[in-house]
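*Asks:* build the 3D model from these lines:
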Amino acid sequence: MLDVTVIEDPAAAAASLDPMRAQLLAELAAGPASATMLAGKVGLPRQKVNYHLKALERHGLVELAGERRKGNVTERLMRATAASYVISPLALASVQPDPDRFRDQLSARWLLALGARLVRDVGSLITGAAKARKRLATYALDGEVRFASAADRAAFIEELTAGVSALIRKYDAPHAEGGRSHRIVVAVHPTVKPQADEPQVDHPQVTEPEAPELPQ
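*Replies:* Below you'll find the predicted structure:
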């Protein structure tokens, strides 16, 4: 079972978003189970559970883990294909965010569009690498810092911009024969608390993730 996989097909995305099918996926992520075993957990008749399982199997979200005899019946044991799923913006291709429409480094919505493109691109890379049976070389940096003041945050961003820009100028070789292009994404945003018990306006923090490697 994969730790996480990407859903790019609109029909598969719709299947995963159905509340009952999402619950079945969560149960099957914990371990293989038959329709009979699942029926008692989700409160549905076995036939209806089978109906949902077939839909999930058709979209590659669950797979056959084995079979077992129970009396005169052969039960199919199903398992989730991943522990968790991410829906790619490709599932809504005609309305997916496009960060190239506008560029505003201080816009949260532009950051969201960049994040959506990151999910789309890395998802496509994972899918392609799996089909080609190749490893995918990627790198990500995730950290957190608490700024004492808004001025410190602004200074941090200024230094970060200067440092990354200097590295790009140093290593960028647009005309290198056999070179490979990479996309770099650096994001700064307030940390989201598990429980939003108070706003985080006065003391924003930072996560700095994701520098994915693009196709070969």
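*Asks:* and the longest helix seen in the chain, average pLDDT?
*Replies:* Counting residues, the longest helix found in the chain (DSSP state H) is helix 108-132. The average pLDDT within helix 108-132 is 92.
*Asks:* helices and strands of the protein: which one has the lowest mean pLDDT?
*Replies:* Ranked by mean pLDDT, DSSP states H and E, the helix or strand of the chain with the weakest confidence is strand 205-206, at a mean of 42.
*Asks:* where does Glu75 land in three-state SS?
*Replies:* strand (DSSP: H, G, I helix; E, B strand; the rest coil).
*Asks:* neighbours around it, how many?
*Replies:* 17 (other CB atoms under 10 Å). To be clear about C-beta, it is placed using only N, CA and C from the backbone, and glycine gets the same treatment.
*Asks:* name the nearest residue to it, sequence neighbours excluded.
*Replies:* Ser34 (4.1 Å; CB to CB, 6 or more residues apart in numbering).
*Asks:* is it true that that neighbour touches Thr74?
*Replies:* No: assessed by CB atoms under 8 Å, Ser34 is found out of contact with Thr74, at 9.9 Å.
*Asks:* and those two? Which one has more around it.
*Replies:* Neighbour totals were compared for Ser34 and Thr74, and Ser34 leads with 22 against 10 (other CB under 10 Å).
*Asks:* got the contact list for the more buried one?
*Replies:* Going by CB atoms under 8 Å, 6 or more residues apart in numbering, Ser34 touches 68, 75-78.
*Asks:* hmm, which of the residues you listed are the buried ones?
*Replies:* 75-78 (16 or more other CB atoms under 10 Å).
*Asks:* now for the residues you listed: which two are most distant?
*Replies:* Glu75 and Met78 (9.7 Å; CB to CB).
*Asks:* Lys170 - that's part of a strand, no?
*Replies:* No: judged by three-state DSSP, Lys170 forms no part of a strand; its state is helix.
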